[in-house]
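J.: Got a predicted structure plus its sequence, pasted below:
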Amino acid sequence: MADYAALIGIDWSDAKHDICLLDPQTARRETSILRHSSQTIDEWAAALRARFGGQQVAVCLEQSRGPLIYALMKYDFITLYPVNLSTLSRYREAFSPSRHKDDSTDAAYLAEVLMHHRDHLRAWHADSEQTRTLRYLVEHRRRLVDDRTRTSNRMTSLLKCYFPQVLEWFPDIRTTLVCDFLLRWPALDTLRRVRRETLVKFFREHHSVRKETIEKRVDSIKQAVPLVIDRAVIASSVVMTRALAAQMKTTLEAINEFDSQIAALCAVNEDFALMQSLPGAGPNYAARLTAALGTDRERWQSADELARLSGIAPVLERSGKSCRVRWRYLRPEVPAPVLRRVRRRVGQALVLGAGLLRAAACEGAEPSGGGANLSLQVDQNHLQMLEEQDCLR
């Protein structure tokens, strides 16, 4: 176990941080409060370096990312030990059944966890800049995709109330074409007065070039009958539709920008091709999986540790005569859905491949690598994996 010149527990918040410094030799405590600002944190770190002569200092805090941990990453003499929120909560309740809570005491508890239970903690080491950039990009993109879904649902619900024809003309409203269409003609009465040539030109400018599709849409527009004629409903809905269309268009442009940035990083990442070769892992899922696993292979000593971290490993609860197995309640946001998707596709491939091997064996023929008639491409590596399916399961 590494020796540190000082053990520090920090209970962080947006405005200030409570600090408890513990001397590992004398167990003497020092408490202080640090205001959250870049200059204050830098001055505190400089004083800490000067006091202990640049020796390593361990810091325990309740986060693995955020403004404070980002600020402390740049100091090479500080080793970070992030802990789960429930770890401190259960430790506090063990010594304070009344659930008394205070920022200063929480900082002291974190220092004690570092003092007495450091062998159960794992020091946090930053991954490569490229991997961390990819991780942040895929997480931000995922939030934008969720925003796109929420905006799409709101637009669909609103259009059903006064302008349902749009949902018939455009099967997917999450496109720039639909956004520009609604921004220009948010109501049926204004749309029907538009000349046919103007509509055709608009569709062609938005890369809708199939003549049959354009003619069908234009004819439907000219024959459309309004669902609602109440001006109060239409006027208020038009304002909201334009707002949602503008929001959707901005979100779509942002997602495209993230996609280009992610693709550029994945193109130079050595692990991306491996992740993309997994069944069920397309470009987006492969990028998320690459970011989740990172480049530090020393983080996991076995496949079981990776399975537990990703949230796909079950949890055993045994007490007396009772015994049950359940899913993990807490798991990371990114790896678990991706790994479950890959695992499901692998299982489907194994079941299908096993059937192909049995059919080939019954006919006395060798399994073919073409598989064109069955729409399945199989090579020798896949055959070997299928033959060892019992071992893989």
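T.: Looks like it arrived, so ask away. In this text, all values refer to a predicted model and were calculated from it rather than measured experimentally.
J.: Could I get the phi/psi values of D18?
T.: Here is the backbone geometry of D18 (degrees, to the nearest 10): phi -90, psi 130.
J.: Tell me, how many residues neighbour it?
T.: D18: 21 surrounding residues under other CB atoms under 10 Å. (Glycine included, C-beta is placed from N, CA and C.)
J.: so P67 makes contact with H36?
T.: Yes: taking contacts as CB atoms under 8 Å, P67 lies within contact range of H36: 7.2 Å.
J.: So which bits of whichever strand or helix holds Y136 are buried?
T.: Element membership for Y136, per DSSP states H and E: helix 129-162. Of all the residues in helix 129-162, those buried under the rule 16 or more other CB atoms under 10 Å are 131-132, 134-135, 137-138, 141-142, 144, 147-148, 151-152, 154-155, 158-159, 162.
J.: next one: stretch 87-105
T.: 87-88, 91-92, 103, 105.
J.: any chance you could map the strands in the stretch 201-350 of the chain?
T.: Applying DSSP state E, counting those that start in this stretch to the stretch 201-350 of the chain gives strands spanning 315-319, 322-326.
J.: could I get those strands as TSV with distance to Y109?
T.: Rendered in TSV, the data for the strands of the stretch 201-350 of the chain read as follows (distance: least, CB to CB, whole Å):
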stretch	distance to Y109
strand 315-319	25
strand 322-326	29
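J.: any chance of these in CSV, plus mean neighbour count?
T.: Shown next, in CSV, are these (neighbours: other CB atoms under 10 Å):
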stretch, mean neighbour count
strand 315-319, 9
strand 322-326, 9
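J.: so which of those comes closest to R308?
T.: Of all the strands of the stretch 201-350 of the chain, it is strand 315-319 that lies closest to R308, at 8.7 Å by CB to CB.
J.: on that earlier part again, which secondary structure elements does the next helix or strand after the helix holding Y136 contact?
T.: Moving toward the C-terminus from helix 129-162, the next helix or strand (DSSP H and E) is helix 165-169. Packing partners of helix 165-169 (3 or more CB pairs under 8 Å, 6 or more residues apart in numbering; DSSP states H and E): helix 129-162, helix 176-184, helix 211-223.
J.: Would you reformat the ones you listed as JSON lines and include mean pLDDT and distance to G282?
T.: JSON lines is the format used below for the helices and strands packed on helix 165-169 (pLDDT from 0 to 100; distance: least, CB to CB, whole Å):
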{"stretch": "helix 129-162", "mean pLDDT": "94", "distance to G282": "13"}
{"stretch": "helix 176-184", "mean pLDDT": "96", "distance to G282": "22"}
{"stretch": "helix 211-223", "mean pLDDT": "93", "distance to G282": "27"}
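J.: between these, which one is nearest to F272?
T.: Nearest to F272, of the helices and strands packed on helix 165-169 and by CB to CB, is helix 129-162 at 9.0 Å.
J.: counting contacts, what elements does that closest one pack onto?
T.: helix 165-169, helix 231-267, helix 283-293.
J.: now that helix against helix 283-293, angle please.
T.: 140 degrees (axes from the mean of the first three to the mean of the last three CA atoms, to 10 degrees).
J.: okay, the buried residues of stretch 87-105 in TSV with distance to A50 next?
T.: Shown next, in TSV, are these (distance: CB to CB, whole Å):
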residue	distance to A50
T87	32
L88	30
Y91	32
R92	33
D103	26
T105	28
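J.: which one of those residues sits closest to R51?
T.: The closest of the buried residues of stretch 87-105, once distances to R51 are taken by CB to CB, is D103, at 23.2 Å.
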